[in-house]
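J.: Please find the sequence and the predicted model below.
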Number of protein chains: 2
Amino acid sequence: MPQTSRTNSKKERRQENEALILSAAEKVFAEAGFGGATMQLIADVAGLPKANLHYYFPTKESLYRQVVQNIFQIWLQAADTFDQAEGPAEGIGAYIDAKMEISRRHPAGSKVWASEVMHRAPVIQDYLETTLMEWTDGRAAIVQRWIEEGRMAPVNPHHLLYMLWATTQHYADFGHQIETLNGGAPLSDAQWEEAKKSVKDIILRGIGVIK
Amino acid sequence: MPQTSRTNSKKERRQENEALILSAAEKVFAEAGFGGATMQLIADVAGLPKANLHYYFPTKESLYRQVVQNIFQIWLQAADTFDQAEGPAEGIGAYIDAKMEISRRHPAGSKVWASEVMHRAPVIQDYLETTLMEWTDGRAAIVQRWIEEGRMAPVNPHHLLYMLWATTQHYADFGHQIETLNGGAPLSDAQWEEAKKSVKDIILRGIGVIK
DNA sequence: GTTGAACTTGACCATACGGTCAGGAATGAT
DNA sequence: ATCATTCCTGACCGTATGGTCAAGTTCAAC
């Protein structure tokens, strides 16, 4: 069967197909976990024959690895908001906003990441030990400096970071639970704003930078 | 092959075996997810032939269902600390302590629960809609009352509850990440105390009941 | 001691899965 | 127009999995 679209070159179609497969894989891995996901289902979601998936990604594991690495990139980009900030209120507030936005826009990716870490990070353990550790220590140092400058309450920087991750990621990973408790409906725009505001209010007040 | 232990009656051994299987299943489901777990591996961990598992639990799903329900019971028990409290500082503080203790003592169970919810709760959706919803609304009402009595800052009760769940559960679900960032070592007793203290400090200050 | 119910288990089965491959179709360079 | 390369896919394969079963063993009641 010839390709439906004629306007694209081969190179473009390769990129399109890879993106299509990665997107489908993200959804399926998020909903079923690595073990529960099947190449056949990913193929169906992507609208491609299974054998075609294996042309672009030789194994299920290589496909999964790519999905996880993509999430990690998004995850790291949210860090920029932290660095560019002048002080704790702005930096941590913007970081919460950014991570809440990721939870809202990439819930599947967040779940894949959570699943990967929960299962002892078989694929990205090296990232945890290098990139993530450096990132964390760097941010902890910034927080520590803010504390020493008297710009926020003295809290353990690492546990503060864990709280930021936990709280924001919760809206993606446990989105189904939240939706159920919300009467079965996804959070509305206003409710998302309320969520962001609540998280920021409690944490920023908790570290003594507002009120 | 005859049973090794001769001191137990049949009824006792039934209970023992069921507990043995459930414990093994909890570990394996936590580490591999429902789809990735195999009855053979659970059997190996339990030290029983696979066919014997199917005698006690007819299907993989029924075994999984039992594991999830057990977790949910533990989860609900932590609620008592909330109810018996006289005010927000005591109630929420004790609830955080209780849930942190669950994360520490039952990390596998917490992961199974998280995994179940992340995958849209195929098994315990009815619990979410009934028991959990009632529990949540009841606790939210208590928080609301505390707010109206001027005993804590006006925050959205639901988002406060989500934050409590997220923050405490994070220490179980993302325990591997925390361990890695801790230099590869599990949190020591002192570090667990520090974690509890950090969470309580930030949240209790965040809702205006301390400092 | 006999008997029936509860328990145990090695061997087995059907299915579904990840992955392969041969052969054809489309594409781009010359 | 030719040809090498890339892309596509139905059919296929070996394996591992959830689950079954029949034949046995243990145990408690009488």
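T.: That came through fine.
J.: for the longest helix seen in chain A, what is the average pLDDT?
T.: In chain A, taking DSSP state H as the definition, the longest helix is helix A:10-36. For helix A:10-36, mean pLDDT rounds to 93.
J.: And the helix or strand harbouring A:L164, what's buried?
T.: Applying DSSP states H and E as the criterion places A:L164 in helix A:157-173. Neighbour-count burial for helix A:157-173 flags A:157-173 (criterion: 16 or more other C-beta atoms under 10 Å in any protein chain shown). The C-beta positions use only the backbone N, C-alpha and C, and glycine is treated the same way.
J.: Near DNA strand D, list only the ones from these.
T.: By C-beta under 7 Å from any atom of the strand, no member of the buried residues of helix A:157-173 lies near DNA strand D.
J.: Summarise which helices and strands the longest helix of chain A is packed against.
T.: Contacts defined by 3 or more C-beta pairs under 8 Å, 6 or more residues apart in numbering or on different chains; DSSP states H and E place helix A:10-36 against helix A:39-46, helix A:50-56, helix A:60-77, helix A:107-118, helix B:10-36.
J.: out of the ones you listed, which comes closest to B:H106?
T.: Evaluated over the helices and strands packed on helix A:10-36, closeness to B:H106 peaks at helix B:10-36, with 8.3 Å, by C-beta to C-beta.
J.: and that closest one with helix B:107-118, angle?
T.: 50 degrees (axes from the mean of the first three to the mean of the last three C-alpha atoms, to 10 degrees).
J.: A:H170 reaches B:A166, doesn't it?
T.: Yes: using C-beta atoms under 8 Å, A:H170 is in contact with B:A166, at 3.4 Å.
J.: what about A:A94, distance to DNA strand C?
T.: Separation of A:A94 from DNA strand C (C-beta to the nearest atom of the strand, to the nearest Å): 40 Å.
J.: what stretches of chain A score poorly on pLDDT?
T.: A:1-7, A:10 (pLDDT under 70).
J.: how is it carved up into domains?
T.: A:10-58, A:68-206 (automatic domain parsing).
J.: roughly how far apart are A:P157 and B:I203?
T.: 16 Å (C-beta to C-beta, to the nearest Å).
J.: Same check on A:A190?
T.: 24 Å.
J.: So for these two, which sits in the more crowded spot?
T.: Ranked by neighbour count (other C-beta atoms under 10 Å in any protein chain shown), A:A190 and B:I203 place B:I203 first, with 25 against 8.
J.: Can you give me every residue that contacts the residue nearest to the more buried one when sequence neighbours are not counted?
T.: Among residues not flanking B:I203 along the chain, A:G206 sits closest, at 6.0 Å (C-beta to C-beta, 6 or more residues apart in numbering or on different chains). Shown in contact with A:G206 (C-beta atoms under 8 Å, 6 or more residues apart in numbering or on different chains): A:153, A:155, B:201-206.
J.: ok, now A:F72?
T.: A:F72 sits in contact with A:113, A:124, A:127, A:131, where contact means C-beta under 8 Å, 6+ apart.
J.: And it, how far from A:V123?
T.: 10 Å.
J.: Name the residue closest to the centre of chain A, please.
T.: For chain A, the residue nearest the mean C-alpha position is A:S110 (3.8 Å; C-alpha atoms, centre = their mean).
J.: Please name the nearest non-neighbouring residue to it.
T.: A:S110's closest residue in space is A:A172 (C-beta to C-beta, 6+ apart), at 3.5 Å.
J.: By neighbours, which of the contacts of A:F72 wins?
T.: Busiest of the contacts of A:F72 [other C-beta under 10 Å] is A:W113, holding 27 neighbours.
J.: neighbours around the nearest residue to that residue once chain neighbours are set aside, how many?
T.: In this structure, A:W113 finds its nearest non-sequential neighbour in A:I71, 4.7 Å apart by C-beta to C-beta, 6+ apart. By other C-beta under 10 Å, the residues close to A:I71 number 22.
J.: Roughly how far does A:I71 sit from A:L22?
T.: Counting by C-beta to C-beta - A:I71 and A:L22 are separated by 11 Å.
J.: Also A:S188?
T.: Taken as C-beta to C-beta, the span from A:S188 to A:L22 is 29 Å.
J.: got it, and A:M163?
T.: For A:M163 relative to A:L22 (C-beta to C-beta), the value is 31 Å.
J.: secondary structure class for A:V155?
T.: What DSSP: H, G, I helix; E, B strand; the rest coil gives for A:V155 is coil.
J.: Is it correct that it is in contact with B:D201?
T.: Yes: if you go by C-beta under 8 Å, A:V155 and B:D201 touch, sitting 6.3 Å apart.
J.: where's the closest residue to DNA strand D within chain A relative to A:M39, distance?
T.: Residue nearest to DNA strand D within chain A (C-beta to the nearest atom of the strand): A:A51, separated by 2.8 Å. Distance of A:A51 to A:M39, computed by C-beta to C-beta: 10 Å.
J.: Likewise for A:E18?
T.: Taking C-beta to C-beta, one finds A:E18 at 15 Å from A:M39.
J.: Comparing those two, which residue is more hemmed in?
T.: Neighbours were counted for A:E18 and for A:M39 using other C-beta under 10 Å; A:M39 has more, 17 against 14.
J.: quick one: contacts for the more buried one?
T.: A:50, A:53-54, A:60.
J.: For it, give its distance to DNA strand C.
T.: 4 Å.
J.: Equivalent analysis for A:G175, please.
T.: Distance from A:G175 to DNA strand C, by C-beta to the nearest atom of the strand: 25 Å.
J.: Find the nearest non-adjacent residue to that residue, please.
T.: A:P107 (5.4 Å).
J.: Now do the same contact list for the one you found.
T.: Contacts for A:P107 (C-beta under 8 Å, 6+ apart) come out as A:30, A:172, A:175.
J.: Test my guess that A:G35 contacts B:A32.
T.: Yes: in this structure A:G35 lies within contact range of B:A32 using C-beta under 8 Å: 5.7 Å.
J.: higher neighbour count, the two?
T.: Shown here are A:G35 and B:A32; by other C-beta under 10 Å, B:A32 has more neighbours (19 against 16).
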